[in-house]
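*Asks:* Predicted model and sequence below, questions to follow.
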Amino acid sequence: MEMEGRKTPLYDRHTAAGGKIVPFAGWLLPVQYSGVIAEHRAVRSACGLFDVSHMGELVLRGADALVNVNNLMTNDFSGMADGQARYSPMCYEDGGVVDDLIVYRCSDTAYLIVVNAANRDKDAGWIRAHLTGDCAMEDISDQVAQLALQGPEAESILRTLTGDIPEKNYTAVLRGTVDGRPCLVSRTGYTGEDGFELYCAPGDAPALWDALIAAGAVPCGLGARDTLRLEAAMPLYGHELSPEINPYEAGLGIFVKLDKDGFIGKAALEQARPVRRRRVGLKMTGRGIAREECPVYDGERQIGVVTSGTHCPWLGCAVAMALVDADYKEPGTALQVDVRGRRVEAEVVKTPFYKRNG
């Protein structure tokens, strides 16, 4: 029986290279090629290449584009230069999270918003329903493919194909070329490593993929993308963020700017502190791997729940992120996680679990 889902422009490359295809957020994507552990280690030690063409891209245009971005997002996007990018949650009126996303300033009247694949239609509807003044939104997702080149050798590999290298994290060359093909080249990623995200026309994606593989990048799937982001303690929507989890609870207060003019969710977030629960990192000190929805205990009292967990291929230990009562957030706190009916010892630790040098 054939799997149902949309295919990215790189689908044929994935199947030809032996990628194991799985359905994800309505798309058919490779979960792995050579194996999650090998791909994870390739990104930490050299360079991996991911197909992230399933992500959504929305553009706000008009004289009031900045006003609308600042009203929709909790972060402040004033004072940005063209090519700068900023991360932000986007909240409901009650402070719950619609999505977390990255916003690029393309000009003083145009902003590119990159949203999670599973939230594309929801986000587009939410944004469109809350636009004011001279501003229109266009969903250009189907006109864009996206490749993520990640790892300590990402820059040296990319330099073999282009001179359009953004110098600083969260900046982009808006109108670059890679291997002779027009690209937006962004110094961003979701792995905890240095790296780049390349936005190009769908028709250019296969040749660009081939060129990057030929230059030394290792093809990687969704499995390694998830273990890498978890090792770097980066939140995933639907796990560490949701309509029921606000940015402060998720540990993202630095991206909430209460000193800017009104924005959607501001009134609720002004009343949200001190939080009663908080995202924390857990290192499993007993034998066992905590997974999503495993209950977290202090003795006989349940004080939280695991939001994501895995065995980290690079660190060589099992870790998890959990949402726990705020009284238990301090590093060094001993807790227990119920793993399939068995209590496994764990300790609250500082995040990120992994941090690259430099």
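*Replies:* Perfect, I can see it now.

*Asks:* show me the contacts for residue 41.
*Replies:* Neighbouring residues of residue 41 by Cβ atoms under 8 Å, 6 or more residues apart in numbering: 313, 314. For the C-beta atoms, the positions are set from N, CA and C on the backbone; glycine is no exception.

*Asks:* Check which helix or strand it maps to.
*Replies:* Applying DSSP states H and E as the criterion places residue 41 in helix 36-45.

*Asks:* got the residue ranges for the helices in the stretch 51-200 of the chain?
*Replies:* Per DSSP state H, counting those that start in this stretch, the stretch 51-200 of the chain carries helices over the ranges 65-72, 120-129, 154-159.

*Asks:* Please name whichever of the ones you listed is nearest to residue 235.
*Replies:* Closest to residue 235 of the helices of the stretch 51-200 of the chain, according to Cβ to Cβ: helix 120-129, at 16.2 Å.

*Asks:* For the closest one, buried residues please.
*Replies:* 120, 123, 124, 126, 127 (16 or more other Cβ atoms under 10 Å).

*Asks:* Now do it against helix 65-72, angle only.
*Replies:* Orientation check (axes from the mean of the first three to the mean of the last three Cα atoms, to 10 degrees): helix 120-129 against helix 65-72 gives 110 degrees.

*Asks:* quick one, what contacts the most centrally placed residue in the chain?
*Replies:* With distances taken as Cα atoms, centre = their mean, the residue of the chain nearest its centroid is residue 190 (5.1 Å). Residues in contact with residue 190 (Cβ under 8 Å, 6+ apart) are 148, 150, 225, 228, 229, 234.

*Asks:* go on, residue 112?
*Replies:* 57, 58, 59, 103, 104, 106, 184.

*Asks:* how about those residues in TSV, adding neighbour count, pLDDT and distance to residue 158?
*Replies:* Formatted as TSV, the contacts of residue 112 follow (neighbours: other Cβ atoms under 10 Å; pLDDT from 0 to 100; distance: Cβ to Cβ, whole Å):
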residue	neighbour count	pLDDT	distance to residue 158
57	20	98	21
58	21	98	26
59	16	98	25
103	25	98	23
104	26	98	18
106	19	98	21
184	23	98	13
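
*Asks:* May I ask which two of those are separated the most?
*Replies:* By the measure Cβ to Cβ, 58 and 184 form the most distant pair in these, at 14.2 Å.

*Asks:* Would you state the predicted confidence (pLDDT) at residue 2?
*Replies:* pLDDT for residue 2: 69.

*Asks:* ditto for the one 10 residues further on
*Replies:* The model reports residue 12 with a pLDDT of 98.

*Asks:* tell me the SS of it?
*Replies:* helix (DSSP: H, G, I helix; E, B strand; the rest coil).

*Asks:* So what does the closest residue to it other than its chain neighbours look like in phi/psi?
*Replies:* Computed as Cβ to Cβ, 6 or more residues apart in numbering, the closest residue to residue 12 that is not its neighbour in sequence is residue 206, at 7.4 Å. Note on residue 206: backbone dihedrals following degrees, to the nearest 10 are phi -60, psi -40.

*Asks:* where does residue 206 sit relative to residue 273, distance-wise?
*Replies:* 48 Å (Cβ to Cβ, to the nearest Å).

*Asks:* Residue 325 too?
*Replies:* 15 Å.

*Asks:* Also residue 152?
*Replies:* 38 Å.

*Asks:* Buried residues, stretch 52-70. List them.
*Replies:* For stretch 52-70, using 16+ other Cβ under 10 Å, the buried residues are 52-62, 64-70.

*Asks:* Surely residue 191 touches residue 152?
*Replies:* No - with contact defined as Cβ atoms under 8 Å, residue 191 does not reach residue 152; the gap is 10.8 Å.

*Asks:* the more surrounded of those two?
*Replies:* residue 191 (26 against 17; other Cβ atoms under 10 Å).

*Asks:* Tell me, what's the model's pLDDT at residue 358?
*Replies:* Looking at residue 358, its pLDDT is 61.

*Asks:* excluding its backbone neighbours, what's nearest residue 56?
*Replies:* For residue 56, the spatially nearest residue (Cβ to Cβ, 6+ apart) is residue 120, at 3.3 Å.

*Asks:* Spit out the contact partners of residue 131.
*Replies:* The contact partners of residue 131, taken as Cβ under 8 Å, 6+ apart, are 60, 68, 137.

*Asks:* Please state the backbone phi and psi of it?
*Replies:* phi -70, psi 140.
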